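> here are the coordinates; sequence isn't available:
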């Protein structure tokens, strides 16, 4: 067959194959167009999971009679006009492909009116490209009927009506979370599923609570930080409120919802120190930057982007989120109100039975933060926090130790109630953070063993040690292979001088096997430091003197990420006086 120019209808169907995968894909394009038109209210009506009908009505700027035919013409758009505009895209759409692509695989009709016009105009591209006068309020209504009727083969790949509706609901939730200032209504087969009023900036958390659950807001840290022309706002779920699947992870770039690999990696790295394995954090984050610093014209669906300075973006996200998790985030004065805290239930480093976790109860002294992280970008609108070790009445934040329970827990009395500490989990985090600080400052100090420890291993484990020598040296371990199945441990980190050398080495070997080749060298180092921190911590059933119990509490107050141990478990729980009163039915 000779080379020939494709018919416009075929070109549009090919384009539709890239951006129109299912009914939710159609809805995404229509809602984004409505948002670009400045809509403050969007109504969505769906029938039969979107196959029979998708109708989107908005109160945006609308279109003139002359614009309606152009809107369904390929590569016609009002959003860019020159190559320079492509470098500064601030709208959600810009290619001018969505409507003609949809029209090529479905029956599309549009009715629109400008605010200054007396009436609107209706266009049915399948019948005529000449708009006809029609009554309509200011704004636009687009109807898409019989999706994929022109390409029956595409229908075979669609799921059930319930599945397609679930994709639509998830899409509307994602868009609505990113635009709380816009009202959304969603109905399916004339049954209303969602009705979200428009909210002001001060009430944005209400939209988050409505769509992600009140528990998410109560179990998250609010972050608002700015540096190097980048701003990050939103909510970070506490590590102790992690989930078994990544279903509550939302990231928006300049108002555009994205699922970018670099952003996901930065978030995963920031949470890696405080999460259980195979657990996923929940978060809702808005990243804002100059549109010229990011290329959104990378993927047909625009979910993936390309940053001009990817290293800067990664470092900014990683360090700011890591810092927020360590410090307890940015809180308003209201979050520190003692009356509201008392009524909220037990406070904790992690959730406990029947309790709702509160925003992080510890803050970190500035000097300690600098010692661990170095100079970091400053947080926008974040008031300077008082050191965690002191309250206004002179009582330390974690109180004073009063007893040890079964050699496992330390009980302390605070200014507002009782504190219960898992001493092994807390000390594990303390040792781990000290190892990290040593590593970041001048490298982990080694302690040569008076008598090297001989350890019998498999040949593959011995090979693994030989291949990992630089990594082992970097975390303070000196291990030699002295035979096909024999290792000799000669030095350990000075902080772990009293640890069981053989048990330590075997756990390190297990860690190396699990993470070999799967993660970056920095992550492997952090994994090993965490494993060694567990060995260097105080064990259960060890009796601590009153002075040791007190020292543990004071060390906790100076340690970042102290709310969780290295494996993501909570390290302490607080019972307020109001909680104790409720337990004993006082005041009734």
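In hand now; what should we look at? Just so it is clear, the structure is predicted and the values come from calculations on it, not from any experiment.
> okay, strands next: where are they in the stretch 151-300 of the chain?
183-188, 191-196, 220-227, 230-237, 249-253, 256-258, 283-288, 294-295 (DSSP state E, counting those that start in this stretch).
> as a markdown table, those strands with mean neighbour count, distance to residue 67 and mean pLDDT would be great.
The way it works is simple: take the backbone N, C-alpha and C, and place the C-beta from them, glycine included. As requested, these are exported to a markdown table (neighbours: other Cβ atoms under 10 Å; distance: least, Cβ to Cβ, whole Å; pLDDT from 0 to 100):
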| stretch | mean neighbour count | distance to residue 67 | mean pLDDT |
| --- | --- | --- | --- |
| strand 183-188 | 19 | 25 | 98 |
| strand 191-196 | 14 | 29 | 97 |
| strand 220-227 | 20 | 38 | 93 |
| strand 230-237 | 21 | 34 | 95 |
| strand 249-253 | 20 | 28 | 94 |
| strand 256-258 | 20 | 24 | 89 |
| strand 283-288 | 20 | 30 | 96 |
| strand 294-295 | 18 | 28 | 86 |
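> of all those strands, which one comes closest to residue 459?
Residue 459 lies closest to strand 249-253 among the strands of the stretch 151-300 of the chain, at 41.9 Å (Cβ to Cβ).
> neighbouring strands - and their directions - for that closest one?
Sheet pairing for strand 249-253, assigned by DSSP bridges, gives strand 256-258 (antiparallel), strand 283-288 (parallel).
> got the angle for that strand vs strand 230-237?
170 degrees (axes from the mean of the first three to the mean of the last three Cα atoms, to 10 degrees).
> domain parsing of this protein, as residue ranges.
For the chain, the structural domains run 8-199, 202-339, 444-535, going by automatic domain parsing.
> tell me the first helix or strand C-terminal of the lowest-mean-pLDDT helix or strand in the chain.
Within the chain, confidence by mean pLDDT, DSSP states H and E is lowest for helix 366-373 among all helices and strands, at a mean of 32. Downstream of helix 366-373, the next assigned helix or strand under DSSP states H and E is strand 400-405.
> adjacent strands (with direction) for the helix or strand following that following strand?
Using DSSP H and E, the helix or strand that directly follows strand 400-405 along the chain is strand 409-413. Paired with strand 409-413 in the same sheet, following DSSP bridges, are strand 400-405 (antiparallel), strand 417-422 (antiparallel).
> single out the most deeply packed of the ones you listed.
Among the strands paired with strand 409-413, strand 417-422 has the highest mean neighbour count (mean count of other Cβ atoms under 10 Å), at a mean of 22.
> can you list the helices and strands that the helix or strand following that strand packs against?
Going down the chain from strand 417-422, the next helix or strand is helix 423-441, by DSSP H and E. Here helix 423-441 touches helix 366-373, helix 521-535, helix 546-557, going by 3 or more Cβ pairs under 8 Å, 6 or more residues apart in numbering; DSSP states H and E.
> can you rerun that using 6 Å?
Applying 3 or more Cβ pairs under 6 Å, 6 or more residues apart in numbering; DSSP states H and E, one finds that helix 423-441 contacts helix 521-535.
> pLDDT (mean, whole number) over the helix it packs on?
Taken as a whole, helix 521-535 carries a mean pLDDT of 69.
> circling back to that earlier point, for residue 545, find the nearest of the strands paired with strand 249-253.
strand 283-288 (41.3 Å).
> any idea how far residue 413 is from residue 123?
According to Cβ to Cβ, to the nearest Å, residue 413 and residue 123 sit 74 Å apart.
> mind listing the helices for the stretch 1-150 of the chain?
8-19, 23-36, 67-71, 83-86, 98-105 (DSSP state H, counting those that start in this stretch).
> confidence-wise, which of those is weakest overall?
helix 83-86 (a mean of 59).
> is the closest residue to residue 409 other than its chain neighbours bridged to anything, and to what?
Spatial nearest neighbour of residue 409, excluding adjacent residues (Cβ to Cβ, 6 or more residues apart in numbering): residue 420 at 5.5 Å. Beta-bridge pairing for residue 420 (DSSP bridges): residue 411, residue 573.
> looking at it, residue 420 is touching residue 571, isn't it?
No - counting by Cβ atoms under 6 Å, residue 420 does not reach residue 571; the two are 10.0 Å apart.
> for the stretch 401-550 of the chain, which spans come out with low pLDDT?
515-525, 527, 535-536, 540 (pLDDT under 70).
> rerun that using 50 as the cut-off
Within the stretch 401-550 of the chain, the stretches with pLDDT under 50 are 518-519.
> again, but for the stretch 1-150 of the chain
Short version for the stretch 1-150 of the chain, where the test is pLDDT under 50: none.
> what residues are up against residue 282?
Contacts for residue 282 (Cβ atoms under 6 Å, 6 or more residues apart in numbering) come out as 216, 237, 243, 248.
> tell me the spacing between the last one and residue 213.
Distance of residue 248 to residue 213, computed by Cβ to Cβ: 8 Å.
> quick one, which of the strands paired with strand 249-253 gets closest to residue 180.
strand 283-288 (10.5 Å).
> many thanks, I have nothing further to ask.
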